[in-house]
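S.K.: Can you look at this prediction? I've put the sequence above it.
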Amino acid sequence: MNRLRTGISGLDVMLNGGIPEGKSVLISGHCGAGKTIFGLQFIQQGFRAGENCVLFTFEQSKKKLLEDAKQIGIDLATMEKSGRLRIVGDSFANLRVFKDKARARITDIIDEIDEVVKESEATRVVIDSVNLFTMLFDTDAERRLGLASVILALEKHECTTLLTCEVPEKSDRYGWFGFEEFMVDGVVTLHRQIADGETERSIMVIKMRGSPHSQGIRAMRITESGIVVYPDQEPPSVRLSSPGARR
């Protein structure tokens, strides 16, 4: 089985070498957990490996995305100029207005995504975020169909796909609507909480179909150069709550 490195130090150890090629993986977490950074590092790793990549953004304008990526040392503009990265999208508000004015249907949006990926001959795709993508549709039935259609289209092109997904605060779900996690091959959750007055971050691989992976929650940090995972360390709050930790 061929695996793609994520570009995140320590995470590939948890994934037994990386994400299996051709899989779709949901990157789930609350606001500020590091989901977009995760996607950016995945794209950067693909670019370094000589792969073609596509980044669909529904969170923010392209200009703002390029600025934010540069803060952690990822030069998306240079990657795009090389021709091996396509960046498509805009803020959700602008996209929703455009969709309504154009009276775009589900098939129109799916066809556009399919065409971009086909033209790019991309092997890596990031959709940031999938909950905003599905909010372009008006009903749960349309959202389910839209997401299923996108995943199927990307599988047809043999892409390895990350779909970032924000979940409501205090929710124990992996997706915003509660169905996203059942449509993908893998789920990775990013956690952010306050412990002893400090922000504590952690990561866990919930599932990865057809591939062994770490079963535990592991410590992580967001540094000036992106996410770093510690595959052999539990976060402090987990260690302290373990039986026998306090003697």
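M.R.: Here it is on my side, so go on.

S.K.: measure residue 202 to residue 39 for me?
M.R.: Using CB to CB, to the nearest Å, residue 202 is found at 18 Å from residue 39. Every residue, glycine included, has its C-beta placed from N, CA and C.

S.K.: I meant to write residue 166 there.
M.R.: Counting by CB to CB, the gap from residue 166 to residue 39 is 13 Å.

S.K.: cool, and residue 193?
M.R.: Distance, residue 193 to residue 39, by CB to CB: 22 Å.

S.K.: ok, the closest residue in space to residue 5 that isn't next to it in sequence - how many residues close by?
M.R.: Among residues not flanking residue 5 along the chain, residue 18 sits closest, at 4.6 Å (CB to CB, 6 or more residues apart in numbering). By other CB atoms under 10 Å, the residues close to residue 18 number 21.

S.K.: Checking the nearest residue to residue 82 once chain neighbours are set aside next. Helix, strand or coil?
M.R.: Using CB to CB, 6+ apart and skipping the chain neighbours, the partner closest in space to residue 82 is residue 47 (7.8 Å). With DSSP: H, G, I helix; E, B strand; the rest coil as the basis, residue 47 sits in helix.

S.K.: so residue 47 sits right up against residue 83, yeah?
M.R.: No: counting by CB atoms under 8 Å, residue 47 stays clear of residue 83, with 11.0 Å between them.

S.K.: After the host helix or strand of residue 64, which helix or strand is next?
M.R.: Using DSSP states H and E, residue 64 sits in helix 62-70. Using DSSP H and E, the helix or strand that follows helix 62-70 in sequence is helix 76-81.

S.K.: Perfect, I'm done here.
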